[in-house]
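Here is a sequence with its predicted model. Questions after.
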Amino acid sequence: MKKSSLSAPAGIQVRNLTLHFGKQVIFDSLSFDIDSGSFVALLGASGVGKTSLLRIIAGLASPTSGTVCGSDGQPLTGRIAWMGQQDLLYPWLTVAENITLAPRLRGEKVDQPWADSLLERVGLAGKQALLPAALSGGMRQRVAIARTLYQRQPIVLMDEPFSALDTVTRAKVQALASELLSDHTVLLITHDPMEACRLSHRLMTLSGHPAQITNTQVIAGTPPRAPDDPHLLYSQGKLLQQLMSAEA
Ligand SMILES: Nc1ncnc2c1ncn2[C@@H]1O[C@H](COP(=O)(O)OP(=O)(O)OP(=O)(O)O)[C@@H](O)[C@H]1O
């Protein structure tokens, strides 16, 4: 299995980010850092502003004010792989064409063995020639994950990437993502405390109106943690309590 040869991907620096939708203030002067090479999970109640924040970091939306750049002070443009809540597969392209689309649009040569090995690892070997309409929701999500991993970008932003997968497939694909992204800077939105504590070095919780980062918790041990790892179990319990008290 090929891995990225990155040595030190940029981290993410968010400064004084403010977002208004009309009179609604989603966040106001939000500042935080994601360290180079760390895997961070972002949690928080539905509607608090997680997707809006991720879209701004990805450069897909503009904030009302504030800045986002790499820890090296340079823009993040061209260094990000993004996976949104919708799989955004093009219905007229095959599975293989969807996975390799972004590099092909940049005029790069397709690395077919890499694409094939990713498809095999997400449990879709032999499905290269199918159109998205022939796939289940979970299969489509696995194609989108393969497309994200294929790009080998140093910074990876994922919005609930495993939500449509059954429990066992989810555990396998989480382990794959953790392995292949171990030398990348990753920000993952999830509603699942188990997933957050299995995969992350650090947790961040967004809560309130306007939303603030109310909890940052470092998890001991190395991801991906086993489901019965004591660090995972401890952090998962603590996280659930914090999320419940943030909502109370
Ligand atoms: N383009 C938009 N125009 C107006 N309001 C918006 C827009 N996008 C998001 N919002 C509002 O901003 C708030 C935050 O939305 P966002 O999707 O960022 O939340 P979230 O935390 O990701 O939610 P979920 O966990 O349900 O995905 C919500 O109240 C939403 O209705």
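Looks like it came in fine.

can you give me the strands for the protein?
12-21, 24-34, 39-43, 65-70, 80-83, 155-159, 185-189, 202-207, 212-218 (DSSP state E).

between those strands, which one is nearest to the ligand?
strand 12-21 (3.6 Å; Cβ to the nearest ligand atom). Just so you know, the C-beta spots here come from the backbone N, C-alpha and C atoms, and that holds for glycine as well.

Show the low-confidence segments of this protein, by residue range.
1-7 (pLDDT under 70).

now the helices for it?
For the chain, the helices defined by DSSP state H occupy 50-58, 95-99, 101-105, 112-121, 137-150, 167-180, 193-199, 230-247.

Report the beta-bridge partner residues of the most centrally placed residue in the chain.
Nearest residue to the geometric centre of the chain (Cα atoms, centre = their mean): Met158, 2.1 Å. Counting by DSSP bridges, Met158 is bridged to Met83, Leu188.

How much space separates it from Ala220?
Distance, Met158 to Ala220, using Cβ to Cβ, to the nearest Å: 23 Å.

close enough to count as contact, Leu187 and Asp35?
No. The pair Leu187 / Asp35 is not scored as a contact, 11.1 Å apart, by Cβ atoms under 8 Å.

Which of the two has more residues huddled nearby?
Leu187 (25 against 13; other Cβ atoms under 10 Å).

wait, what's in contact with the more buried one?
Taking Cβ atoms under 8 Å, 6 or more residues apart in numbering, we find Leu187 in contact with 12, 34, 40, 42, 54, 57, 155-158.

Mind doing that once more with 6 Å?
Leu187 is in contact with 34, 40, 157, counting by Cβ atoms under 6 Å, 6 or more residues apart in numbering.

what does stretch 20-35 contact?
11-19, 40, 49, 52, 64, 185, 187, 210-211, 213.

What about the ligand: which of the residues you listed touch it?
49, 52 (Cβ under 6 Å from any ligand atom).
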